[in-house]
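Colleague: just coords:
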């Protein structure tokens, strides 16, 4: 039986592109390359490469898999897909709050589980 809390990413890195991973108080911000959060004043987020990818995304996936921030550990695109309709997700994408590809991937995974 599969653990429902384990996301079957299977190499997918859509949440590592154009993200805004905010560091939480539980995260040691000195352990990461960070920048000021672009939408939450006073907060830090993981830095990005010029192409919009997470600074820690390498050719084979996350380069800090074992020590990634809490928001990365808890990220589940299926939860996002369940929480928002397509219209809501599209509106969030237009405002730069959610890459629509993350919502679509969550829907794909939910459909494949049924």
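Modeller: It's in. This is a predicted model, so every value here is computed, not measured.
Colleague: quick one: the helices in the protein?
Modeller: 70-74, 77-83, 86-94, 100-113 (DSSP state H).
Colleague: from memory residue 54 sits against residue 61, does it?
Modeller: No. Shown here, residue 54 and residue 61 do not form a contact pair, counting by C-beta atoms under 8 Å, at 10.4 Å. Bear in mind the C-beta positions are built from the backbone N, C-alpha and C, glycine included.
Colleague: excluding residues flanking it in the chain, which one is nearest residue 49?
Modeller: With C-beta to C-beta, 6 or more residues apart in numbering as the measure, residue 55 is the residue that lies nearest to residue 49, at 6.0 Å, once sequence neighbours are left out.
Colleague: what's the neighbour count on the one you found?
Modeller: Taking other C-beta atoms under 10 Å as the criterion, the count of residues near residue 55 is 16.
Colleague: confidence score at it?
Modeller: Each residue has a pLDDT score; the one for residue 55 is 95.
Colleague: who's in contact with it?
Modeller: Residues in contact with residue 55, defined by C-beta atoms under 8 Å, 6 or more residues apart in numbering, are 33, 46-49.
Colleague: so how far is residue 106 from it?
Modeller: 24 Å (C-beta to C-beta, to the nearest Å).
Colleague: before we move on, the earlier item: of the contacts of residue 55 - the most surrounded one?
Modeller: Counting by other C-beta under 10 Å, residue 46 has the largest number of neighbours within the contacts of residue 55, with 26 neighbours.
Colleague: contacting residues around the most centrally placed residue in the chain?
Modeller: With distances taken as C-alpha atoms, centre = their mean, residue 15 lies nearest the centre of the chain, 3.6 Å away. Residues in contact with residue 15 (C-beta under 8 Å, 6+ apart) are 72, 75, 77, 99, 102.
Colleague: thinking the first one is in contact with residue 21, fair?
Modeller: Yes. Here residue 72 lies in contact with residue 21, judged by C-beta under 8 Å, at a distance of 5.9 Å.
Colleague: comparing these two, which shows the higher neighbour count?
Modeller: When residue 72 and residue 21 are compared for neighbours, residue 21 comes out ahead with 24 against 19, by other C-beta under 10 Å.
Colleague: okay then, goodbye and thanks.
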